[in-house]
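Colleague: this one's sequence-less:
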């Protein structure tokens, strides 16, 4: 008689334990303001945040296996969605992580804070602030102010209408179709921008910088040891400034060129394929300089490198 | 006597007439020259004629200019010496503004580095304490990036040392300092936005 009681107790205990550590699902929807603030906090896993036409916030998916608390709260204009983990986890290995699809009113101002989670955000038109550490972050079809910071994960922006600011350390930045001023900086990650039609301010320490198929009014691209490559069309009176200490600079200008050029390299070489002007070589040091003007010289192209080559193409 | 001399001069051969000079004419001329007095006393009315000629052509006021030049020269020297002193003391550089290191003071960058590290190093200890509960792979990733930033800082510092007047580099050094400190201050165990 004692044996069956012991067995059933062990069975109940194991069932309880497995229930306690099973991954929870969530499928909740709450009314929210159309122009409210949505705050999302997730430590690990993956999330997809999509703007929609409804005045509701919907959260669907599975929650972290080690979750301490799940918060989905709407108070006035503010909505909070958070998956909290215990302060100290016994193990970070081999557990089911959060995986959520969160839908918010598209005019919401959204703030997302992640650690090692990946995020895809789209159709948000009230401003976005997104921060992570190692996960890949993708942002698409957003307007108003967009600010993304990441440490080592790649950041991808597409179809941004508004001021965009991205900062990474080793993560690459890939941005395309940016219709607003863009400020992108990385330490060792590369920065690749295409189809931009506004001001660009790009800075890296050792990462390469590349701008392609863009129409710009102002570009400032500088790197310490990375290469700078620009393939763009200058708007009237545009300013292009490319600067690197030990990398090379390659500038290819399309369309009608109307600018003054001021090019200088310390110990590299200058190749001018825009006009027949030849660089001047210094008599005593190895530097080369080239100054010339095309058209009425309304715009300005300044390129310099400490030891790299500079190539100007048409 | 003068008239005679003038006559002789006037009648002297010149230009194309040189070719027509004959020895007889030369001997005649030599006799007349010998017959002249050895010294000629200027006539009393010679100086008024010279004065009239001088008045006809205005002369530069050499004496006045010379005096002013000396004064201006001395004033300029004093001004230049004073400017050099001021420039030296204030380390003013018109092209680079305030954001440049003084090459004549080799310790400036080093002093800045020491001061910076005094701020940075305690933050690194704090970072280790604050973020110790993060997932090992996340923590490893963070430390890898802290190392990347530190290397980038060293790289910019070495470039600044080569070209201390490059304002862009100095600004970049300041930004990398700022970024490194922000990174080290952050508590990644509590997700937040700023970096």
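Modeller: All right, it came through fine. Everything quoted here is computed from the prediction, not taken from an experiment.
Colleague: What residues of the strand or helix carrying residue B:160 count as buried?
Modeller: Per DSSP states H and E: residue B:160 is located in helix B:136-162. Judged by neighbour count (16 or more other C-beta atoms under 10 Å in any protein chain shown), helix B:136-162 contains these buried residues: B:138-139, B:141-142, B:145-146, B:148-149, B:152-153, B:155-157, B:159-160. C-beta here means a position set from N, CA and C on the backbone, and glycine is covered the same way.
Colleague: Let me know the average pLDDT across it.
Modeller: Helix B:136-162 shows a mean pLDDT of 93.
Colleague: Give the other helices and strands that the helix or strand following that helix contacts.
Modeller: Later in the chain than helix B:136-162, the nearest helix or strand by DSSP H and E is helix B:167-185. Counting contacts by 3 or more C-beta pairs under 8 Å, 6 or more residues apart in numbering or on different chains; DSSP states H and E, helix B:167-185 is packed against helix B:107-130, helix B:136-162.
Colleague: So the last one, near chain A or not?
Modeller: Yes. Where contact is defined by C-beta under 8 Å from any C-beta of the partner chain, part of helix B:136-162 touches chain A, namely B:136-138, B:141-142, B:144-145, B:148-149, B:152, B:155-156, B:159, B:162.
Colleague: Low-confidence ranges, chain A, go.
Modeller: Applying pLDDT under 70 to chain A flags the ranges A:1-22, A:89-94.
Colleague: Please repeat the previous calculation with a cut-off of 90.
Modeller: Scanning chain A for pLDDT under 90 picks out A:1-24, A:65-68, A:85-96, A:116, A:197, A:216, A:282-287.
Colleague: can you give me the helices for it?
Modeller: Using DSSP state H, the helices of chain A run over residues A:2-20.
Colleague: Spatially central, which residue of it would that be?
Modeller: By C-alpha atoms, centre = their mean, chain A has its centre lying nearest to residue A:155, at 3.4 Å.
Colleague: How many residues are close by residue A:37?
Modeller: Counted with other C-beta atoms under 10 Å in any protein chain shown, the neighbours of residue A:37 add up to 18.
Colleague: who's in contact with it?
Modeller: Applying C-beta atoms under 8 Å, 6 or more residues apart in numbering or on different chains, one finds that residue A:37 lies in contact with A:77, A:78, A:79, A:108, A:109, A:110, A:111.
Colleague: Among those, which one lies nearest to chain B?
Modeller: Using C-beta to the nearest C-beta, residue A:111 comes nearest to chain B of those, at 6.3 Å.
Colleague: Now for that closest one, how many residues are close by?
Modeller: By the criterion of other C-beta under 10 Å, residue A:111 has 19 neighbours.
Colleague: my guess is it contacts residue A:49, does it?
Modeller: No. Contact between residue A:111 and residue A:49 fails when scored by C-beta atoms under 8 Å: they sit 10.5 Å apart.
Colleague: residues in chain B within reach of chain A, list them.
Modeller: Residues of chain B lying close to chain A by C-beta under 8 Å from any C-beta are B:133-138, B:141-142, B:144-145, B:148-149, B:152, B:155-156, B:159, B:162-163, B:168-169, B:172, B:175-176, B:179, B:183, B:188-189, B:191-195.
Colleague: okay, now the closest residue to residue A:295 other than its chain neighbours: neighbour count?
Modeller: Leaving aside its sequence neighbours, residue A:295 sits nearest to residue A:258 (C-beta to C-beta, 6 or more residues apart in numbering or on different chains; 3.4 Å). Residues near residue A:258, counting by other C-beta under 10 Å, number 16.
Colleague: so what's the backbone phi/psi at residue A:258?
Modeller: Here is the backbone geometry of residue A:258 (degrees, to the nearest 10): phi -140, psi 80.
Colleague: so it makes contact with residue A:298?
Modeller: Yes. With contact defined as C-beta under 8 Å, residue A:258 counts as touching residue A:298 (5.0 Å).
Colleague: first to last residue in stretch A:201-208, what's the distance?
Modeller: Start-to-end span of stretch A:201-208 (C-alpha to C-alpha, to the nearest Å) is 14 Å.
Colleague: And stretch A:102-117, by the same measure?
Modeller: 14 Å.
Colleague: and residue A:294, what does it touch?
Modeller: When contacts are taken as C-beta under 8 Å, 6+ apart, residue A:294 is in contact with A:257, A:258, A:259, A:261, A:274, A:275.
Colleague: between these, which is nearest chain B?
Modeller: Of all the contacts of residue A:294, residue A:261 has the smallest distance to chain B: 18.8 Å, by C-beta to the nearest C-beta.
Colleague: Could you tell me which residues make contact with the closest one?
Modeller: By C-beta under 8 Å, 6+ apart, the neighbours of residue A:261 are A:274, A:290, A:291, A:292, A:293, A:294, A:301, A:302, A:303, A:312.
Colleague: same thing but 10 Å
Modeller: Residue A:261 sits next to A:240, A:251, A:253, A:272, A:274-275, A:277, A:290-294, A:297, A:299-303, A:312 when contact means C-beta atoms under 10 Å, 6 or more residues apart in numbering or on different chains.
Colleague: what's the answer for residue B:160, then?
Modeller: Residue B:160 makes contact with A:245, B:100, B:101, B:108, B:109, B:112, B:166, B:169, B:170, B:172, B:173, according to C-beta under 10 Å, 6+ apart.
Colleague: what's the answer for residue A:38, then?
Modeller: By C-beta under 10 Å, 6+ apart, the neighbours of residue A:38 are A:32, A:49, A:51, A:57, A:74, A:77-81, A:102, A:104-105, A:108-112, A:124, A:126, A:128.
Colleague: same check, this time on residue A:269
Modeller: For residue A:269, the contact set (C-beta under 10 Å, 6+ apart) comprises A:248, A:279, A:281, A:286, A:288, A:305, A:308, A:309, A:310, A:311.
Colleague: same deal with residue A:88?
Modeller: Shown in contact with residue A:88 (C-beta under 10 Å, 6+ apart): B:132, B:133, B:189.
Colleague: From residue A:87, how far off is the second one?
Modeller: The one in question is residue B:133. 6 Å (C-beta to C-beta, to the nearest Å).
Colleague: okay, the two: which has more neighbours?
Modeller: residue B:133 (14 against 9).
Colleague: quick one, phi/psi of that one?
Modeller: phi -90, psi 0.
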